[in-house]
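Student: Predicted model, plus sequence, below.
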Amino acid sequence: MRRLLEVQARALVRAELSRIATTDERKGMWRLMDGNLSVKEIAEKVKTTPRAVQYFMQDAAKADLIFMERRGYPHRIIDWMPPEWEEHAKTEVERPGDVNE
């Protein structure tokens with residue numbers, strides 16, 4: 001039953017995500033909000049500041065797209081990603097200077 005409701009809600013989730021996830025960094029933040037990473041860890045992986053992640057979290061929380069079981073560990077309410085974002089994630093390449101030498 002839950003799966004059926006998630007499928008039905010995808011159009012609404014897509015609309016809200018399109019409104020708040022306007023940059024590649026914010027899309028990356030959404031991908032990483034699975035409840036296993038802290039705000040700081042998400043910021044490091046997306047190459048942004050923890051404050052930028054917090055701003056995105058505020059927007060996502062207002063849209064009822066995330067929750068936190070543990071403080072500072074955001075989790076998506078619906079574990080779904082627009083298909084085009086998944087493809088983008090597979091084609092991301094490291095930026096110069098990302099490699100530890």
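Tutor: Okay, I see it.

Student: quick one: low-confidence ranges for the protein?
Tutor: Applying pLDDT under 70 to the chain picks out residues 1-10, 86-101.

Student: in it, which spans are strands?
Tutor: For the chain, the strands defined by DSSP state E cover 66-70, 73-76.

Student: got the ones you listed as TSV, with mean neighbour count and distance to residue 46 columns?
Tutor: Glycine gets a C-beta too; all of them are placed from N, C-alpha and C. As requested, the strands of the chain are exported to TSV (neighbours: other C-beta atoms under 10 Å; distance: least, C-beta to C-beta, whole Å):
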stretch	mean neighbour count	distance to residue 46
strand 66-70	13	15
strand 73-76	19	13
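
Student: Now render those strands as CSV, adding distance to residue 53.
Tutor: Putting the strands of the chain into CSV (distance: least, C-beta to C-beta, whole Å) gives the following:
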stretch, distance to residue 53
strand 66-70, 11
strand 73-76, 8
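
Student: So for residue 52, which of these sits nearest?
Tutor: Smallest distance to residue 52 across these (C-beta to C-beta): 13.2 Å, for strand 73-76.

Student: ok now that closest one, how far from the chain's centre?
Tutor: Distance of strand 73-76 from its chain centroid, counting by C-alpha atoms, centre = their mean, to the nearest Å, is 9 Å.

Student: So for residue 12, which of the strands of the chain sits nearest?
Tutor: For those, the distance to residue 12 is smallest for strand 73-76, at 13.9 Å, taking C-beta to C-beta.

Student: Residue 39 is nearest to which of the strands of the chain?
Tutor: Closest to residue 39 of these is strand 73-76 (C-beta to C-beta; 7.3 Å).
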